[in-house]
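**Student:** Sharing a sequence plus its predicted fold:
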Amino acid sequence: MKQKVGTLLEEDVLRRAKRRAADEGRPLSDVIQEALENYLSPKGADPVKRDAAYQLFCDRPMKLTSAQFKAVLEEDAWDL
């Protein structure tokens, strides 16, 4: 059963949420519901994988092998 709630959001956050809903042809409430479900999901990022990704992509200099870098450049983002 759905329940109506009242809350305050930053203007920019609300504007972006409304834009996303319009772009996807969905009600704003569905976008907010999905965002809350994702936030509250116990399937959060695995801390070990998150740390490994940080080490790989955020440390300076970036620690990618040339093969890894080439694979990233050649990856088709539309296939993700």
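**Tutor:** Good, I have the coordinates.
**Student:** For this protein, give me the ranges with low pLDDT.
**Tutor:** 44-45, 56, 59-63, 77, 79-80 (pLDDT under 70).
**Student:** repeat that for 90
**Tutor:** Applying pLDDT under 90 to the chain picks out residues 1-7, 9, 13, 35-80.
**Student:** got the domain boundaries for it?
**Tutor:** As given by automatic domain parsing, the domain ranges for the chain are 11-40, 47-79.
**Student:** Would you mind finding the most buried of these?
**Tutor:** Among the domains of the chain, domain 11-40 has the highest mean neighbour count (mean count of other CB atoms under 10 Å), at a mean of 12. No exception for glycine: its C-beta is placed from N, CA and C like everyone else's.
**Student:** Now do the SS call for Q3.
**Tutor:** Counting by DSSP: H, G, I helix; E, B strand; the rest coil, the backbone at Q3 sits in coil.
**Student:** Against P42, how distant is the residue nearest to K2 when sequence neighbours are not counted?
**Tutor:** Distance criterion CB to CB, 6 or more residues apart in numbering; nearest residue to K2, sequence neighbours excluded, is S29 at 7.9 Å. Going from S29 to P42 by CB to CB, to the nearest Å gives 23 Å.
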